[in-house]
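Asker: I would like to see how this sequence folds:
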Amino acid sequence: MIAALNGAFDDISKAMRLHRVWIALAHEDIGDQHRRTTLGPLWMLVNYFAFVGTFAFVFVTKDAGNPSYIAYVAIGMLVWFYLTETITMSVSLFQREASFIQGTTLPLFVYVMRLTMQCIIRAGYSLAGCVLILLLGGYGINTNWLVSMLGLLLIVLATPAFVMVFAFLGAFFPDSEFIVGNLMRVGMFFTPVFWVYSGQEGVQKYAYRWNPFTYFLEGVREPITAGIFPIQALAVTGYVCLGLWALALLLLGLYRKRIVFLI
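Answerer: Model (predicted):
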């Protein structure tokens, strides 16, 4: 166990010294995805506005009359899109990077950080759109935004762990790419992204209280929309982050040298 953890930390340390490599690769990925398009990466901002508008004005719920509902949906979509993209893209990470993994001696964590940085860059466009919606909705910048940023920071810190866990899952079980993708699509409706929990019983109660993604969303959203310090949400997010990192380090330490035989 100790040897595995030492190996994981050594791999991470080497990868962090190569930060210019994975940052450059991530920027190249974003550029390649939008090459020859008119708007370029701004399409990510357009997509974000389109989804927020759809769920706020088309799929109208009984909560739509609340003045804070658009902000509720905007922040919910920001966090959910980030988590969904991170998780679904992670499952096939090692398969996509197979040629590099088999042909170079780069630390495995370089590929983890390449995807992490790519997801952060993409989320930056959605974040800009979310901030614009909040400002237009009358949510002036105040100390509550700092608490919300703390929730975002915890999610960002958990991202490399998410990537590693699901990347190894995809390497061991190739079918998991489709299973995870479908679960995340369905999971959006079991997570309070656009619906508001107001003490309802039944499925909504359990979907709200026992869904870990609820706390990722509320840790970012509650400080701004409700003006409260989300102690429970931040605590649960922190515990999930620690648990993910413990599992990720163990997987990295045990299987980083064997992954080449699994892809």
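
Asker: now stretch 165-184, how far from the centre of its chain.
Answerer: How far stretch 165-184 lies from its chain's middle: 15 Å, per Cα atoms, centre = their mean, to the nearest Å.

Asker: hmm, who's touching it?
Answerer: Stretch 165-184 has contacts (Cβ atoms under 8 Å, 6 or more residues apart in numbering) with 84, 87-88, 90-95, 111-112, 244, 247-248, 251, 255, 259, 262-263. In short, each C-beta sits where N, CA and C put it, glycine included.

Asker: V156 is in what secondary structure piece?
Answerer: Using DSSP states H and E, V156 sits in helix 143-172.

Asker: buried set for the helix or strand following that helix?
Answerer: For helix 143-172, the succeeding helix or strand toward the C-terminus, using DSSP H and E, is helix 176-187. Within helix 176-187, the residues scored as buried using 16 or more other Cβ atoms under 10 Å are 176-177, 180-181, 184, 187.

Asker: try stretch 127-146
Answerer: For stretch 127-146, by 16+ other Cβ under 10 Å, it's 127, 129-130, 133-134, 139, 144.

Asker: between the two ends of that stretch, how far is it?
Answerer: Terminal residues of stretch 127-146 are spaced 14 Å apart (Cα to Cα, to the nearest Å).

Asker: repeat that for stretch 34-42.
Answerer: Taking Cα to Cα, stretch 34-42 runs 9 Å from one end to the other.

Asker: so what touches it?
Answerer: 30-31, 43, 46, 122, 125.

Asker: let's see it at 7 Å
Answerer: With contact meaning Cβ atoms under 7 Å, 6 or more residues apart in numbering, stretch 34-42 is reached by 30, 43, 46, 125.

Asker: may I see the PyMOL selection of the buried members of the residues you listed?
Answerer: In PyMOL, a selection of the buried entries from those looks like this (16+ other Cβ under 10 Å):
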select buried, resi 30+125
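
Asker: model confidence for the nearest residue to A98 once chain neighbours are set aside, exactly?
Answerer: What sits nearest to A98 in space, not counting adjacent residues and going by Cβ to Cβ, 6 or more residues apart in numbering, is I263, at 4.6 Å. Per-residue pLDDT puts I263 at 77.

Asker: start the count at 52, not 1, going forward
Answerer: With 52 as the first residue, the last one maps to I314.

Asker: for this protein, which spans come out with low pLDDT?
Answerer: 110-116, 118 (pLDDT under 70).

Asker: nearest residue to the middle of it?
Answerer: For the chain, the residue sitting closest to the mean C-alpha position, by Cα atoms, centre = their mean, is L134 at 2.6 Å.
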